[in-house]
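A.B. asks: generate coordinates for the sequence data below:
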Amino acid sequence: MSLSAIRVARLLTTPVKGLRISPSSQVTLERGGVRGDRRFFVVDERERMVNGKRHGALNAVTAQVDDGAERLTLRFPDGRELAGAIGLGEPRQTSFFSRQRPARVLLGPFSAALSEHAGAPLALVQPIDGASAIDRGAQGGVSMISRASLAALARAAAKPDVDGRRFRMSIELLGLDAHEEDGWIGRQLWLGEARVRIKGHVGRCLVTSRHPESGALDLPTLDILRTYRGEAETTEPLAFGVYGGVLREGVVRVGDAVELV
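C.D. replies: The predicted structure is shown next:
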């Protein structure tokens, strides 16, 4: 496959980890990942981070931040919109996967609205350290998958196609063979103006089995991956796609060329 043929096909972000990801025409890659991506996360009554794995209904909610005015808007599937200034309350100790992470609850009606929608007591928080709520931190600030890999999964699932949004990747790529990106571990590449080092494969969990809009369990992705990818030599089990860290910050646009170094 000619490297000059590799292009950015889609860019996907959300300011709130666990809510539906949305397409962008361009993003800015910074040392910590995509600017504004996963700025906030959701915790339960025990202060533990939760996402669509436990509360699939969160996939039905979209979020948008107006950076200039520092306002957050949540849009619910019934058409309701909730918007307000981003204000932060007192510090609280939350659990982000297996580590403690101090955060502040967003003031206003956001937590109550998400709790009502999900049918469980939830709170919307922002990390005190200012870093994004990305699973692997800055070393995994950007993730990517090829459209050919998505097509291969669809064939294995006997489906006409599989929406890449269910895998919640930063970037989808055109111009690669299926799973060709698996061979990029340790390599550097240019994505538009940004330079990235690929560090590992993205192991998958139950959240990928949920519909990217409704949150309903509708595709046994883990069983499918285990059947046709279970023996693949990857850095994480049941891997699908790769992640990396940003070496040089810059803007990435849909259609930009991808060049391996």
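
A.B. asks: which element is residue 92 on?
C.D. replies: Here residue 92, judged by DSSP states H and E, is contained in strand 88-96.

A.B. asks: packing partners for that strand?
C.D. replies: Applying 3 or more C-beta pairs under 8 Å, 6 or more residues apart in numbering; DSSP states H and E, one finds that strand 88-96 contacts strand 41-43, strand 49-50, strand 99-106, strand 123-127. Glycine gets a C-beta too; all of them are placed from N, C-alpha and C.

A.B. asks: show me the one of the ones you listed that comes nearest residue 79.
C.D. replies: Proximity to residue 79 (C-beta to C-beta) singles out strand 123-127 among the helices and strands packed on strand 88-96, at 20.4 Å.

A.B. asks: buried residues of the helix or strand that that closest one is followed by, list them for me.
C.D. replies: Going down the chain from strand 123-127, the next helix or strand is strand 142-146, by DSSP H and E. Residues of strand 142-146 classed as buried: 142-146 (neighbour count, 16 or more other C-beta atoms under 10 Å).

A.B. asks: let me see the mean pLDDT of strand 142-146.
C.D. replies: Mean pLDDT, computed over strand 142-146, is 98.

A.B. asks: any low-confidence regions in this protein?
C.D. replies: Scanning the chain with the threshold set as pLDDT under 70 gives 1-4.

A.B. asks: domain ranges for it?
C.D. replies: Following automatic domain parsing, the chain resolves into domains at 3-33+137-260, 40-127.

A.B. asks: tell me the most buried of those?
C.D. replies: domain 3-33+137-260 (a mean of 18; mean count of other C-beta atoms under 10 Å).

A.B. asks: now, which of the buried residues of strand 142-146 sits nearest residue 172?
C.D. replies: Closest to residue 172, out of all of the buried residues of strand 142-146 and judged by C-beta to C-beta, is residue 145, at 5.9 Å.

A.B. asks: just list whatever residues bridge to that closest one.
C.D. replies: residue 172 (DSSP bridges).

A.B. asks: returning to that earlier point: can you put the helices and strands packed on strand 88-96 in TSV and add distance to residue 188?
C.D. replies: Shown next, in TSV, are those (distance: least, C-beta to C-beta, whole Å):
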stretch	distance to residue 188
strand 41-43	29
strand 49-50	31
strand 99-106	28
strand 123-127	28
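
A.B. asks: much appreciated, bye for now.
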